[in-house]
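Asks: only geometry, no sequence info:
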């Protein structure tokens, strides 16, 4: 599952929080609001074709959403590699900015997500 930042009403506010942080995370991981998560997933069609032994692939999409409190969302972020690797001070500062952003926008973040399933039959 990947965040669908295009459908997230809080995307701009979260982007501003990331830009205001003392450390600048690159948008190279899916939880960064400026990322393109599906680009980060790779090309499943090409990978399965290169593996051999499979027929045509189909990628199916299943949109859904999850609602987080400010603390719940920052707890989730701290399980992701790009956030884990920040120094303690930088991570704490970024989490405070993100929590403040969510609290100022109603105290809840509804994060649209899409689960992608790649299906291919073995030949």
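Replies: Nice, thanks for sending it over. This structure is a prediction, so every number in the text was calculated from the model and none was measured.

Asks: would you list every one of the strands in this structure?
Replies: 2-3, 54-69, 108-122 (DSSP state E).

Asks: most packed of these?
Replies: Per residue and on average, the most neighbours among the strands of the chain fall to strand 2-3, with a mean of 20 (mean count of other Cβ atoms under 10 Å). All C-beta spots, glycine's among them, are computed from the backbone N, C-alpha and C.

Asks: who does that strand pair up with?
Replies: Counting by DSSP bridges, the strands paired with strand 2-3 are strand 108-122 (antiparallel).

Asks: where does this protein have low pLDDT?
Replies: In the prediction, the chain carries residues with pLDDT under 70 at positions 40.

Asks: For it, identify the residue most remote from the centre.
Replies: Largest separation from the mean C-alpha position in the chain: residue 123, at 34.1 Å (Cα atoms, centre = their mean).

Asks: any idea how far residue 57 is from that one?
Replies: 12 Å (Cβ to Cβ, to the nearest Å).

Asks: Repeat that for residue 96.
Replies: Distance from residue 96 to residue 57, by Cβ to Cβ: 43 Å.
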